[in-house]
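Undergrad: Please find the sequence and the predicted model below.
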Amino acid sequence: MTADTSRMIQSINPATLEVNAEIQSTAPGDIPGIFEQARTAQRKWGALSVRKRLDCLMAGKEFLLANTDEYARIITLDNGKTLLESLAAEIYPVLDMYRFIATDGARALRGEKLNNPIFPIARIESGNVFEPVGVAGIISPWNYPFAIPMTQILAALLAGNAVVLKPSNLTAWVGDAIGRLFRESRLPDGLLQILQGSGSVLGNAMMDARPDKVVFTGSVPVGKQLMARAAETLIPITLELGGKDPFIVLPDADIDRAAAAAVWGAFVNAGQTCASVERVYVHNSVAQRFINKVVEKTRALRVGNGLEHTTDMGPLISEDRITLVEKHVADARAKGAEIATGGDRILTFGGYFYQPTVILNANHSMECMREETFGPTLPIMEFSGIDEAVELANDSDYGLTASVWTKDAARAKKIARRIHTGVVTINNCLITYGFAQAPWGGVKESGIGRTHSVHGLLEYTSIKNITTHRSMLSHDIWWHPYSEAKYSGLKAAFDALFCEGMSCKAGGVLSLLKNFKLLK
Ligand code: NAD
């Protein structure tokens, strides 16, 4: 295919606004054919054993390990995050997902045998098999342009599906590098295809092509639109949406560690992380100590080009993101917050930079405490009692992750159970995304379903129950003809099977034996 230059997408380095690369975009009219190829490829792939699929997929891990520096560099240039973040938060979760699919993931797909006390008596065998759904449409965002689609693709392919991926047009170059990784690992032609271009243009064409499953990671409004489209033909959909993740510091927390984590969790990837620390609640007895340390550590952050190993925080992805951060900071200022450090964009570097910003005296009337900021802000609010902190954490339309900071693990676990989110970490934040065996996903407007883990893997499957009856009887007791004796016999069988008390159980067995002939 010759490149049509009128349909090229530019990969822009958000640190310098230079063009990194140009990527051919997909014409919406090509999408039906792309899905057709994917369906053809899936039929063969889905018929392979899990072991054979795995042999093919694992070649990608070797390729990634051999080309880690190049992939980290592409991610940094395309997205802006620092090289260390590309390594730790993008490539590491993918490597761990390779480990997962080769172990727990492959095991889970073996299926499961079911047990029931009636099975041996009735000579029944029953089990579940996990079949591929067909072609999975994966739509992913720009903020983790490698880890998010890669971990989802690996699970979908292991489960026997084909994948049509729509990466964000803001990180099309990373999307292209994902395609290369799978080509290098000799995935069968057509099994993974990549649609490049704007979501609003390609999204409809993709849904018209009727994927058998959609996994969308992105904003709440687009997630709702896609769910409405999916409902038209009942396409199963997993939604990984936004977050407003609370960070609760109890009086007995290790304040040094909590402050360092709050700063890292709020400013990693310039705050553009669905699970980033979006709002802090600190107990008033330790608030001043915590705030002093947070402000000191934030001031020490070195903002710059992510390619420099000395940079702690890179740029934001676009002008739109800076505009939203400015709006939240202005709103907080107008409502009485104090900006302890930061609070402005940085013009000297040329790219989309904003200062890491700590907002004090925050409260729930402010946008920065209620809406996803998705930028480098760290709003802090004080509380005086645990119930109040839990209430504040739950006072949100979102429910993705939360963290609790205390030396009392038992107490923290009780608090964790009261917080309405998909993930709670104790004395850490964000890390579970890097553990492929931990389910990832939220409640409320943070989404529906899970990715990662066996739970996420099975979302790419259709569960089929296969039951075999080896009875030689001419008919089962509950079949025709019906009679009062059969009714009594069945009732006696219920007592024999389900009564907890011995006398009731024994009565059931006796009555069953007495009526046995009548049951035939
Ligand atoms: P977005 O919703 O604008 O875009 C996400 C993807 O959807 C992109 O590929 C985009 O091109 C595509 N898209 C846009 N409109 C579409 C349409 N009408 N039909 C189909 N596809 C369409 O989100 P974004 O700005 O790329 O990402 C930021 C959001 O993603 C934040 O809210 C963040 O919290 C969320 N996010 C969630 C998770 C999670 O795991 N829960 C992870 C990362 C990001």
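TA: Arrived safely, thanks for sending. What you see is a predicted model; the values in this text were computed from it and never measured.
Undergrad: For this protein, what lies in contact range of the ligand?
TA: Neighbours of the ligand within the chain, by C-beta under 6 Å from any ligand atom: 139-144, 148, 166, 168-169, 199-200, 203, 217-219, 222, 225-226, 240-243, 274, 372, 374, 400, 447. Bear in mind the C-beta positions are built from the backbone N, C-alpha and C, glycine included.
Undergrad: I'd like to know which of the residues you listed are buried.
TA: 139-144, 148, 166, 168-169, 199, 203, 217-219, 222, 225-226, 240-243, 274, 372, 374, 400, 447 (16 or more other C-beta atoms under 10 Å).
Undergrad: the domain parsing of the protein - what is it?
TA: For the chain, automatic domain parsing gives the domain ranges 31-242+455-463, 245-397+401-436, 475-519.
Undergrad: can those go into TSV with extra columns for mean pLDDT?
TA: Shown next, in TSV, are the domains of the chain (pLDDT from 0 to 100):
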stretch	mean pLDDT
domain 31-242+455-463	97
domain 245-397+401-436	98
domain 475-519	88
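Undergrad: Could you export these as a markdown table, including distance to Ile9?
TA: Listed next are the domains of the chain as a markdown table, based on distance: least, C-beta to C-beta, whole Å:
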| stretch | distance to Ile9 |
| --- | --- |
| domain 31-242+455-463 | 5 |
| domain 245-397+401-436 | 14 |
| domain 475-519 | 62 |
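Undergrad: Select, out of those, the one closest to Ser11.
TA: The minimum distance between Ser11 and the domains of the chain falls on domain 31-242+455-463, with 3.6 Å, by C-beta to C-beta.
Undergrad: Distance check, Pro379 against Arg279.
TA: 5 Å (C-beta to C-beta, to the nearest Å).
Undergrad: And the helix or strand hosting Ile291, what's buried?
TA: Per DSSP states H and E: Ile291 is located in helix 287-299. Judged by neighbour count (16+ other C-beta under 10 Å), helix 287-299 contains these buried residues: Ala287, Phe290, Ile291, Lys293, Val294, Val295, Lys297, Thr298.
Undergrad: Likewise for stretch 313-322?
TA: Buried residues in stretch 313-322, counting neighbours by 16+ other C-beta under 10 Å, are found at Met313, Gly314, Pro315, Leu316, Ile317, Arg321, Ile322.
Undergrad: the helices in the stretch 101-250 of the chain, which residues?
TA: Ranges of helices in the stretch 101-250 of the chain, per DSSP state H, counting those that start in this stretch, are 106-108, 118-122, 147-158, 172-184, 199-208, 220-232.
Undergrad: residues contacting the closest residue to the ligand within the stretch 51-200 of the chain?
TA: At 2.0 Å from the ligand, Gly199 is the closest residue in the stretch 51-200 of the chain, using C-beta to the nearest ligand atom. Contacts for Gly199 (C-beta atoms under 8 Å, 6 or more residues apart in numbering) come out as Ile139, Lys166, Ser168, Asn169, Gly218, Val222.
Undergrad: what two of these have the greatest distance between them?
TA: Asn169 and Val222, at 13.0 Å, using C-beta to C-beta across these.
Undergrad: Restrict stretch 178-191 to CA atoms and write it as PDB.
TA: Extracted in PDB, the C-alpha atoms of stretch 178-191 (Å, rounded to 0.1, in the frame of the first residue of the first chain):
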ATOM      1  CA  ILE A 178       2.900  -2.000  19.000                       C
ATOM      2  CA  GLY A 179       2.100  -3.300  15.500                       C
ATOM      3  CA  ARG A 180       5.800  -3.700  14.800                       C
ATOM      4  CA  LEU A 181       6.300  -5.700  18.000                       C
ATOM      5  CA  PHE A 182       3.600  -8.300  17.000                       C
ATOM      6  CA  ARG A 183       4.900  -8.400  13.400                       C
ATOM      7  CA  GLU A 184       8.400  -9.100  14.600                       C
ATOM      8  CA  SER A 185       7.000 -11.900  16.800                       C
ATOM      9  CA  ARG A 186       5.300 -13.400  13.700                       C
ATOM     10  CA  LEU A 187       1.800 -13.200  14.800                       C
ATOM     11  CA  PRO A 188      -0.400 -14.600  12.000                       C
ATOM     12  CA  ASP A 189      -1.500 -12.000   9.400                       C
ATOM     13  CA  GLY A 190      -4.700 -10.200  10.100                       C
ATOM     14  CA  LEU A 191      -4.900 -11.300  13.800                       C
END
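Undergrad: buried stuff in that stretch?
TA: Neighbour counts over stretch 178-191 (16+ other C-beta under 10 Å) mark Ile178, Gly179, Leu181, Phe182, Ser185, Leu187, Gly190, Leu191 as buried.
Undergrad: The second one touches Leu195, doesn't it?
TA: No: distance between Gly179 and Leu195: 10.7 Å, which falls outside the contact criterion (C-beta atoms under 8 Å).
Undergrad: From the chain's centroid, how far away is the helix holding Ile291?
TA: Chain-centre distance of helix 287-299: 31 Å, with C-alpha atoms, centre = their mean, to the nearest Å.
Undergrad: and if you look at stretch 99-106?
TA: 17 Å.
Undergrad: Same question for stretch 370-390.
TA: Per C-alpha atoms, centre = their mean, the displacement of stretch 370-390 from the mean C-alpha position of its chain is 23 Å.
Undergrad: Pull up the distance across that stretch, start to finish.
TA: 15 Å (C-alpha to C-alpha, to the nearest Å).
Undergrad: rewinding a little: in TSV: the buried residues of stretch 313-322, plus secondary structure and distance to Ile463.
TA: Formatted as TSV, the buried residues of stretch 313-322 follow (DSSP: H, G, I helix; E, B strand; the rest coil; distance: C-beta to C-beta, whole Å):
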residue	secondary structure	distance to Ile463
Met313	strand	44
Gly314	coil	43
Pro315	coil	44
Leu316	coil	42
Ile317	coil	38
Arg321	helix	40
Ile322	helix	45
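Undergrad: With distance to Ala261 as added columns, please give these in CSV.
TA: As requested, those are arranged in CSV below (distance: C-beta to C-beta, whole Å):
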residue, distance to Ala261
Met313, 15
Gly314, 19
Pro315, 23
Leu316, 22
Ile317, 24
Arg321, 23
Ile322, 25
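Undergrad: Now flag whichever of those residues is closest to Thr451.
TA: Ile317 (21.6 Å).
Undergrad: Contacts only, for the closest one.
TA: Ile317 is in contact with Pro14, Asn79, Gly80, Trp142, Asn143, Leu170, Gln272, Tyr352, counting by C-beta under 8 Å, 6+ apart.
Undergrad: what's the farthest-apart pair in those?
TA: Maximum pairwise distance among the contacts of Ile317 (C-beta to C-beta): 13.3 Å, between Asn143 and Tyr352.
Undergrad: if we can go back for a sec, which single one of the contacts of Gly199 is nearest to Leu95?
TA: Ranked by distance to Leu95 (C-beta to C-beta), the contacts of Gly199 are led by Ser168 at 22.2 Å.
Undergrad: I'd guessed that closest one sits against Phe146; true?
TA: No: counting by C-beta under 8 Å, Ser168 sits too far from Phe146 to count as a contact (11.4 Å).
Undergrad: So which of the contacts of Gly199 belong to strands?
TA: Among the contacts of Gly199, the members found in strands (DSSP state E) are Ile139, Lys166.
Undergrad: Return the member of the contacts of Gly199 nearest to His309.
TA: Closest to His309, out of all of these and judged by C-beta to C-beta, is Ser168, at 26.3 Å.
Undergrad: And for that closest one, nearest residue in space, chain neighbours not counted?
TA: Of all residues not flanking Ser168 in the chain, Trp142 sits nearest, at 3.7 Å (C-beta to C-beta, 6 or more residues apart in numbering).
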